[in-house]
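Undergrad: Any chance you could fold what I've pasted below:
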Amino acid sequence: MKKTLLFLLIILLNASVLRADEGMWIPLLLKNNEARMKSMGMKLNAEDIYSINQNSLKDAVVLFGRGCTGEIISKEGLLITNHHCGYGQIQAHSTVENDYLKDGFWAMSKKEELVDQNLTVSFLVRMEDVTDMVLKGVDNMMTQQKRNELVEKNIKSITEKAIEGTHYQAVVKDFYNGNQYFLFVNEVFKDVRLVGAPPSSIGKFGGDTDNWMWPRHTGDFSLFRIYADKNNNPADYSPDNIPYVPKKYLPVSIKGVEKGDFTLVYGFPGSTNQFATSYEVELIKETENPIAIRMRDIRLGIIDSYMKSDAKIRIQYSAKYANIANGWKKWMGEDKGLQKLNTIENKKHFEADFQNWTQSSDKNKTKYAGLLPLFEKIYKAQYDTRKSYKYFTEACLGSEIISFAYSYNKLLLLSKNKNPDDKEIEKTITQLKNAAIGFFKNYNINIDKELFIQTMKAYYESFDKGNVPDVLKLVSTKFKGDSKKFAENVFNNTIFTSNDRINKLLSTYTTKNYKQISKDPAFVLAQGLFDNYYNKIYPFLTKYKDQLDSLNRIYLQGLMEMQKNKTFYPDANLTLRVTYGKVDDYIPKDAVKYRYFTTLDGIFEKETLGNEDYMVHPKLRVLYKNKDFGRYAKNDTIPICFIASNHTTGGNSGSPVLNAEGQLIGINFDRNWEGTMSDLNYDPDQCRNISLDIRYVLFIIDKFAGAKNLINEIEIVN
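TA: Numbering: from 1, shown residues only. Just a heads-up that it's a prediction; the model follows:
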């Protein structure tokens, strides 16, 4: 069965292209796409893009941090990614006196580069199809739980063997809903330093107003450098480390782009759900997204009001605000896109065709006829659970004190043990001390109290009266439904809003002190809320997930058998992928057409609107007025951004956008609002990836920052 299915996948991968430029393709199997890509203008071979026998483009692309992409642009380990990907690091180095978010930062020598804490970049060493090994011993009679246990056991054995005797790390990821598995062996570097970042008036130009929108004029880039030991291997930070010498770096082209040009995006897309049934899409669009949007709207309003009033708070909460706002606006665009494409109804029509197909043979009836009725039954059954989970994550956890207080639960449990493990307790205290430093650096009690009042009120009201968690019944009994009084009781009597009290507790901690934690009102609340989650939400989430994992795997097998002439690509799962497309305009609605590029002129057109997101840096204004553009100009202005039809998603932020020769022409950073539904339903006419033109990057580094040291180490080609 496993070999038959794998054979089917290979046949399908060699079938005709799906449609337009849709797809996130596995680099190892890119030979199957090579003819199509060359017909679109690509001059590379599949081996140039991914190879384990020679240096290839994959060796210049990294997973940046936990969920972005970056690329190497010099022989000295210089790395470029998005400004919003490096935002947390830029913020961490910023103070009111040295506000690198507002003013930017440029290291004019390697000695000036800033060490980043807890930032890693990962190179893919190799990938391998390990489907047969992962599914060894698996049979169709197993329960999903037994299957998962055996799969996990096999994966553990595979990853341990893959990295034995090396400094590499390994992970196995499932593809095609668990029908196929690949091993990824990675090399992870831990010494990464901040090299350069434009001021926010450039790196975040347009702010939340322009986020997920086109046209864009955002200089969304930042620069880092990877350091290694004297043998060019990963190492913890040391002043003795030297710049990493990459196997491959990307030459930078200032030739520019024209409509119809081939583009290739190489990166780590995070998550898509292209094969979701109508039941899943309906739950997301009609229930989950509206909850998340409403809760984040509340949080953003509160945080924004404080950020505007105080420079310190603006620095503290800028990254948090950006993270909350990003999903908030994306989900709104996604809902509009799904509505416009009539996605739910179209999926229902397709599912009716699938159900008819299941009646075409006895084999199909036996294997597939019951799938859709089961999907419908499970989605109806899990509706309340998914709704409760969304309120838990977006409302209950909307106040920072909840998660922070609950992080002390481990210390409490260790301390209550009859035979406490002193070493583990000491280790946990050290972890909590370090976490407290980061927490209180970016924490404001007044903001959190307002967040607590509003989000806890929404969470409390989300329950039917009989299902309210016990710990929240105090709101209606002791405080008579007054969420403000409830908040005052928690915030006035807890240690978890005070850096001094937390330090005192941890510095003098003995196991007897667990009672102080257990009686703290913030901890009592957090523990009660998480207990409710783990006892009444999580078990059902797990149950339904196991059921759906099994159904989704079989459903995809059925889709492949039904559509034998269709090319199937796997959903994104934060593994290295290739997407390709062409530079192109698009028409979002009747009588509106957007061209494929923007220029510096547009920045000054937006400035006249008076929106604070469109503030222009004085030095940029001088350069524009004097037309001091250097060699980066086109038609007497500077190109800033362009759009193309590459299929991208979250995680592709910072991905290199390459031309037909494999040269860097841009940095992917966003999608158009009309196309954000592409995670669930890609549409070639509406979906566009937004990229920063590399000429604007070089112009800012060279003419704005005057960082000739960086320009000199980049290989610039015409």
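Undergrad: you'd agree I298 is up against A458?
TA: Yes - in this structure, I298 is within contact of A458 by Cβ atoms under 8 Å, at 7.0 Å. All C-beta atoms are positioned from the backbone trio N, CA, C, and that covers glycine.
Undergrad: buried sites along stretch 307-322?
TA: 307, 313-322 (16 or more other Cβ atoms under 10 Å).
Undergrad: Please state the offset of it from the chain centre?
TA: 22 Å (Cα atoms, centre = their mean, to the nearest Å).
Undergrad: Averaged pLDDT, that stretch. What do you get?
TA: The pLDDT scores in stretch 307-322 average 94.
Undergrad: so where does T263 fall, helix or strand?
TA: strand 262-267 (DSSP states H and E).
Undergrad: Show me what the helix or strand just after that strand is packed up against.
TA: Next along the chain after strand 262-267, taking DSSP H and E as the criterion, comes helix 278-283. Contacts defined by 3 or more Cβ pairs under 8 Å, 6 or more residues apart in numbering; DSSP states H and E place helix 278-283 against helix 343-357, helix 371-394.
Undergrad: any idea which helix or strand comes after helix 278-283?
TA: Downstream of helix 278-283 (by DSSP H and E), the next one is helix 289-307.
Undergrad: which residues touch that following helix?
TA: Helix 289-307 is contacted from outside by 313-314, 317-318, 320-321, 324-325, 327-328, 331-332, 334-335, 387, 390-391, 394-395, 398, 444, 446-447, 450-451, 454-455, 458, using Cβ atoms under 8 Å, 6 or more residues apart in numbering.
Undergrad: Derive a ChimeraX selection command for the buried subset of those residues.
TA: Here is the ChimeraX selection string for the buried members of these, based on 16+ other Cβ under 10 Å:
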select :313,314,317,318,320,321,324,325,327,328,331,332,334,335,387,390,391,394,395,398,444,447,450,451,454,455,458
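Undergrad: Mind checking which of the contacts of helix 289-307 are in helices?
TA: Taking DSSP state H, the ones among these that sit in helices are 313-314, 317-318, 320-321, 324-325, 327-328, 331-332, 334-335, 387, 390-391, 394, 446-447, 450-451, 454-455, 458.
Undergrad: partners of the strand holding T263 in the sheet?
TA: Taking DSSP bridges as the criterion, strand 262-267 forms sheet pairs with strand 577-582 (antiparallel), strand 656-658 (antiparallel).
Undergrad: Deepest-packed of the ones you listed, please.
TA: Neighbour counts (mean count of other Cβ atoms under 10 Å) averaged over each of those peak at strand 656-658, with a mean of 29.
Undergrad: And the average pLDDT for stretch 422-439 is what?
TA: Here the average pLDDT along stretch 422-439 is 95.
Undergrad: List the buried residues of it.
TA: 425, 428-429, 432, 436, 439.
Undergrad: Look up phi and psi at N55.
TA: Per-residue torsions, N55: phi -60, psi 140 (degrees, to the nearest 10).
Undergrad: related to what we said a few turns ago, in a markdown table: the helices and strands packed on helix 278-283, plus distance to N32 and mean pLDDT.
TA: Shown next, in a markdown table, are the helices and strands packed on helix 278-283 (distance: least, Cβ to Cβ, whole Å; pLDDT from 0 to 100):
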| stretch | distance to N32 | mean pLDDT |
| --- | --- | --- |
| helix 343-357 | 25 | 97 |
| helix 371-394 | 28 | 96 |
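Undergrad: quick one, domains of the chain?
TA: As assigned by automatic domain parsing, the chain contains the domains 1-6+23-120+190-272+573-646+653-665+682-718, 278-552.
Undergrad: ok now do the closest residue to A705 other than its chain neighbours, which residues does it touch?
TA: Nearest non-adjacent residue to A705, counting by Cβ to Cβ, 6 or more residues apart in numbering: W106, 4.6 Å away. If you count contacts by Cβ under 8 Å, 6+ apart, W106 has them with 195-197, 705-707, 710.
Undergrad: Those residues in strands, which ones?
TA: Secondary structure defined by DSSP state E assigns 195-197 of these to strands.
Undergrad: In the stretch 101-250 of the chain, mark out all the strands, start to finish.
TA: 105-106, 114-115, 121-129, 169-175, 180-189, 191-197, 222-228, 242-243 (DSSP state E, counting those that start in this stretch).
Undergrad: same question, the stretch 451-600 of the chain
TA: For the stretch 451-600 of the chain, strands defined by DSSP E, counting those that start in this stretch occupy the ranges 577-582, 586-589, 592-594, 597-599.
Undergrad: what about the longest one, average pLDDT?
TA: Mean per-residue pLDDT for strand 577-582: 97.
Undergrad: show me where pLDDT drops low in the protein?
TA: Along the chain, the parts satisfying pLDDT under 70 run over 1-20.
Undergrad: For the ones in strands among the contacts of W106, pick the one with the most neighbours.
TA: A197 (29 neighbours; other Cβ atoms under 10 Å).
Undergrad: Correct me if wrong: that one contacts C85.
TA: No - A197 is beyond contact range of C85, at 10.7 Å (criterion: Cβ under 8 Å).
Undergrad: Measure how far stretch 297-311 is from the centre of its chain, please.
TA: Between the centre of stretch 297-311 and the centre of its chain there are 24 Å (Cα atoms, centre = their mean).
Undergrad: Correction: the previous question concerned stretch 261-277.
TA: Counting by Cα atoms, centre = their mean, stretch 261-277 comes out at 12 Å from the chain centroid.
Undergrad: again with stretch 102-114
TA: Remark: stretch 102-114 is offset 26 Å from the chain centroid, using Cα atoms, centre = their mean.
Undergrad: As a quick check, tell me the outermost residue of the protein.
TA: Distance from the centre of the chain peaks at D362, with 43.4 Å (Cα atoms, centre = their mean).
Undergrad: Could you pull up the residues touching that residue?
TA: The contact partners of D362, taken as Cβ under 8 Å, 6+ apart, number zero.
Undergrad: May I have the phi/psi pair for it?
TA: phi -60, psi -40.
Undergrad: and what of A572?
TA: With angles defined as degrees, to the nearest 10, A572 sits at phi -70, psi 150.
Undergrad: What are the buried residues along stretch 356-371?
TA: For stretch 356-371, by 16+ other Cβ under 10 Å, it's 357-358, 364, 367-368, 371.
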